[in-house]
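> Return a 3D structure for these sequence lines:
(chains A and B)
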There are 2 protein chains.
Amino acid sequence: MNAEILAVGTELLLGQIVNTNAQFLASQLALYGIDVHYQGVVGDNPKRILEMLDIAAKRSDIILLTGGLGPTVDDLTRDMVAEHVGRQLAVDPALLQELQSFFQSRGRVMPPNNKKQALRIEGADVLPNPRGTAPGQYVHTNQTHYFLLPGPPTEMRPMFLESVVPFLQRLQGEETIYSKVLRMVGIGESAMEEQVRDILQAQTNPTIAPYASEGECSLRITAKAASMEAAKSLIEPCEQQLRERLGAYMYGMDDDTLAIAVGQLLMEKQQQMAVAESCTGGLLGMMMTEAPGSSRYFSGGCITYSNDLKRQLLSVSEDTLRIHGAVSPECAREMASGLHARTNADVCVSITGIAGPEGGSAEKPIGLVYIGLFYNGITNVRQLQLRGDRNQIRIRSAKQALEFVWHTLRSAEK
Amino acid sequence: MNAEILAVGTELLLGQIVNTNAQFLASQLALYGIDVHYQGVVGDNPKRILEMLDIAAKRSDIILLTGGLGPTVDDLTRDMVAEHVGRQLAVDPALLQELQSFFQSRGRVMPPNNKKQALRIEGADVLPNPRGTAPGQYVHTNQTHYFLLPGPPTEMRPMFLESVVPFLQRLQGEETIYSKVLRMVGIGESAMEEQVRDILQAQTNPTIAPYASEGECSLRITAKAASMEAAKSLIEPCEQQLRERLGAYMYGMDDDTLAIAVGQLLMEKQQQMAVAESCTGGLLGMMMTEAPGSSRYFSGGCITYSNDLKRQLLSVSEDTLRIHGAVSPECAREMASGLHARTNADVCVSITGIAGPEGGSAEKPIGLVYIGLFYNGITNVRQLQLRGDRNQIRIRSAKQALEFVWHTLRSAEK
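Residues are numbered from 1 along each chain as shown, chains lettered A, B, ... in the order given. Prediction:
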């Protein structure tokens, strides 16, 4: 089984948005052992959409389309797939009913052009979309399986996981593919790979693949077997081997994030964490609260973007700001200890730095960031010199702060 | 002139990385008035790369390839383009010299396999790569122009701007394309489209296309003309028409965000904004500080995820929390006014709600969010019932808070 991902939307061709859907679908299909040989993007143009469908149908078993299911005149995916497979489009009364109640539940009347979204291709299965007005569809001919998915990732991703995965598993037949990701921080991809190269090379089933992403790296163990249990038991000894060598860096598995790993350590210790953010403006707090139940270990904190608020909320001293400046180890230290004095949280993390593009200087260049960490009565400060644009520097600052907390809490365990 | 973007790399097909190169190139080509009708991704597979080149050459004047210029055996782009155009590959002594000095300048000896990167396609112009070891190449046949660019964005982007743009401008000759995006909040995509459908349908040059994204929608006006000035003057009357109907919803243009629009209003009034966030955990502050220079209008605030911090930092009363609870109009009101008392900021915004998936109840369901806004001595509270998962509810809460501030500051103008 091989698949092709085809995104429909002029906004992609104009570069207004990044095609994150293709990356999500590709990584998911890899999980289920389905090879993706091609990805494509085409605009809201009938002739070209048809052309791409014809090319794709000749070379791929499964075609996943994203986008073009909206209510407007340039949403053409439904119509073009219907034409491509030579079937009729007709209003599905059940779909129409759902659409109308979707709008009713929001106290709105359905605009007439949304009726278009109730059109179903003859013989297609409907893929429900509880999060939006664009239902998906699954159509298959003797040769090809077509999945029509909405463009917004917040609607497409859950629809894929809830409605497409079951079809894919059936298409895949008996063989189960199960994989497990081991997530690490504090080690680079090549250093990680070198420590376990012999294991990576020895393995055929399960296979082990190294990945690197923003400030982290990971190993994906993937096993093929007749059952989920069999696959898991293939993975287990292999995971053990890897843990023996790299356990010191492993903070979690699969969909864990560093923030969740920090949260787990905090819960074990029954401790609370708070943040004091300058250049990250709330990003660290946002990351700490992404996971449900984070109120058990995260209390909040202060966003002290201005020097005034550094003084008022965290009691950073006038002298520190005047003599050393807001981006200094002294300020990071006073922010963390001042946050503890204010909130009494067990773990108090501060971030102050220069995210740019303005504000850099010879002795304080863009990317200079200080992280303060108050824990067990002591405040330590880490200095970083980060690369990247404003956005990257902010994200990397927050991730480095999380890594700092994770290592500190973890070593405090022993 | 139309162009096609073809990315080469198995890591894209496996979903290990997002294809941001395609988005960058597409947005750049749009700037230079070159239509992109297709984007493609193919793996490090000789047969499939050739197939994609053949398809692309039949339908596109310009083909921009990214990736596959590295030193390893799976870097095939050079070889496949040479084969596709039927020309020889030979080591270019000047390139080889540059590569060797690149390594020398870093105090390293060039690994033998990097010699491959000195291979130049017969008749190709070299596109210099001062930032890496993979030089680009420009090859043209009578029908098609090929640009071979490296995969890493940090090398590809500057190479495009420095070396590809001059070629494109020559290829383009006279015609310019200019487009302008009008951004709106407080109206849905189909409602927006219905209000201006007659204008959309009447227009051919400029064209007008509607788009929707999380909580917002926009109209893109695109004009083709002999000069930038001529294009702008085609857009101007059309923009006026749209503003007459939809001006009440328009917060900005092109790359503006709602946070930037709020920032502009704050700067006009020389006022400062602060935030008090519960369920969003810092997201609103993060959004307000995404733009450089936001310190001119954003001072910071408090992340009060726990009730303790709502009391300690914002002086929310014990009774309010006990009688009405943290998710109540009373709490939102006290958070906003308490924030003003603490920070003295002119505009104080509070968010408290239930993002889920836990914590919902019959009378306080998941998605119930209160936004408090202290302004000019008065605190108003908005109640929302938002849909979506935890992440969506948090994002929509923050965006609704921005919309609330934007409308309030804007109507205060009049």
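
> Tell me which residue lies farthest from the centre of chain A.
The centre of chain A is farthest from one residue, A:D319, which by Cα atoms, centre = their mean lies 41.9 Å away.

> which residues does A:A355 contact?
Applying Cβ atoms under 8 Å, 6 or more residues apart in numbering or on different chains to A:A355 gives the contacts A:C279, A:T280, A:I366, A:R390, A:I393, A:R394, A:S397. The way it works is simple: take the backbone N, C-alpha and C, and place the C-beta from them, glycine included.

> Most neighbours of all these, which one?
Highest neighbour count within the contacts of A:A355, by other Cβ atoms under 10 Å in any protein chain shown: A:T280, with 29 neighbours.

> hang on, it is in a helix, isn't it?
No: assigned with DSSP: H, G, I helix; E, B strand; the rest coil, A:T280 falls outside any helix and is coil.

> Quick check, pLDDT for it.
For A:T280, the model assigns a pLDDT of 98.

> The stretch 301-414 of chain A: strands as residue ranges?
A:347-353, A:368-375, A:378-385 (DSSP state E, counting those that start in this stretch).

> As CSV, the ones you listed with mean pLDDT, mean neighbour count and distance to chain B would be great.
Listed next are the strands of the stretch 301-414 of chain A as CSV, based on pLDDT from 0 to 100; neighbours: other Cβ atoms under 10 Å in any protein chain shown; distance: least, Cβ to the nearest Cβ, whole Å:
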stretch, mean pLDDT, mean neighbour count, distance to chain B
strand A:347-353, 98, 29, 11
strand A:368-375, 98, 24, 14
strand A:378-385, 96, 15, 17
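
> Could you save those strands as CSV and add columns showing distance to A:M156?
Putting the strands of the stretch 301-414 of chain A into CSV (distance: least, Cβ to Cβ, whole Å) gives the following:
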stretch, distance to A:M156
strand A:347-353, 33
strand A:368-375, 35
strand A:378-385, 36
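
> nearest to A:D92, of those strands?
Relative to A:D92, the nearest member of the strands of the stretch 301-414 of chain A by Cβ to Cβ is strand A:347-353, separated by 52.0 Å.

> quick one: the closest one to chain centroid distance?
Here the centre of strand A:347-353 is set off from its chain's centre by 24 Å, with Cα atoms, centre = their mean, to the nearest Å.

> Could you list every helix and strand that it packs against?
Counting contacts by 3 or more Cβ pairs under 8 Å, 6 or more residues apart in numbering or on different chains; DSSP states H and E, strand A:347-353 packs against strand A:273-277, helix A:329-343, strand A:368-375, helix A:390-413.

> For A:T207, which of the strands of the stretch 301-414 of chain A is the nearest?
Across the strands of the stretch 301-414 of chain A, closest to A:T207 is strand A:378-385 (Cβ to Cβ), at 35.2 Å.

> returning to what we had before: compute the distance between the residue farthest from the centre of chain A and chain B, please.
Here A:D319 is placed at a distance of 21 Å from chain B (Cβ to the nearest Cβ, to the nearest Å).

> Same check on A:E318?
Going from A:E318 to chain B by Cβ to the nearest Cβ gives 17 Å.

> which SS state does A:V18 fall under?
Strictly by three-state DSSP, A:V18 counts as coil.

> How about A:Q143?
coil.

> Over to A:I221?
strand.

> That one against A:V196, yeah?
No: here A:I221 does not reach A:V196: they are 11.1 Å apart, not a contact under Cβ atoms under 8 Å.

> what do those two both touch?
Residues touching both A:I221 and A:V196 (Cβ under 8 Å, 6+ apart) are A:I208, A:L242.

> so who does the nearest residue to A:N114 once chain neighbours are set aside touch?
Closest residue to A:N114 apart from its sequence neighbours, by Cβ to Cβ, 6 or more residues apart in numbering or on different chains: A:P71 at 4.4 Å. Shown in contact with A:P71 (Cβ under 8 Å, 6+ apart): A:P111, A:N113, A:N114, A:K116, A:Q117, A:T133, B:E189, B:S190.

> For A:P71, what is the enclosing helix or strand?
Taking DSSP states H and E as the definition, one finds A:P71 inside no helix or strand.

> same thing with A:H37?
strand A:35-42.

> Remind me what the helix or strand where A:V196 lies packs against, helices and strands.
Per DSSP H and E, A:V196 falls inside helix A:189-202. Applying 3+ Cβ pairs under 8 Å, 6+ apart, we find helix A:189-202 packed against strand A:207-213, strand A:216-225, helix A:228-246.

> For the last one, list the C-alpha coordinates in PDB.
Once side chains and other backbone atoms are set aside, the C-alpha atoms of helix A:228-246 remain, and they are given as PDB (Å, rounded to 0.1, in the frame of the first residue of the first chain):
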ATOM      1  CA  MET A 228      -0.400  -5.400  18.800                       C
ATOM      2  CA  GLU A 229       0.800  -7.600  21.700                       C
ATOM      3  CA  ALA A 230       3.400  -9.300  19.500                       C
ATOM      4  CA  ALA A 231       4.600  -5.900  18.200                       C
ATOM      5  CA  LYS A 232       4.900  -4.600  21.800                       C
ATOM      6  CA  SER A 233       6.900  -7.600  22.900                       C
ATOM      7  CA  LEU A 234       9.300  -7.100  20.000                       C
ATOM      8  CA  ILE A 235       9.800  -3.500  21.100                       C
ATOM      9  CA  GLU A 236      10.200  -4.100  24.800                       C
ATOM     10  CA  PRO A 237      13.700  -5.700  25.000                       C
ATOM     11  CA  CYS A 238      15.000  -3.200  22.400                       C
ATOM     12  CA  GLU A 239      13.700  -0.300  24.500                       C
ATOM     13  CA  GLN A 240      15.500  -1.700  27.500                       C
ATOM     14  CA  GLN A 241      18.800  -1.800  25.700                       C
ATOM     15  CA  LEU A 242      18.400   1.900  24.600                       C
ATOM     16  CA  ARG A 243      17.400   3.000  28.100                       C
ATOM     17  CA  GLU A 244      20.500   1.400  29.600                       C
ATOM     18  CA  ARG A 245      22.700   3.700  27.400                       C
ATOM     19  CA  LEU A 246      20.600   6.800  27.100                       C
END
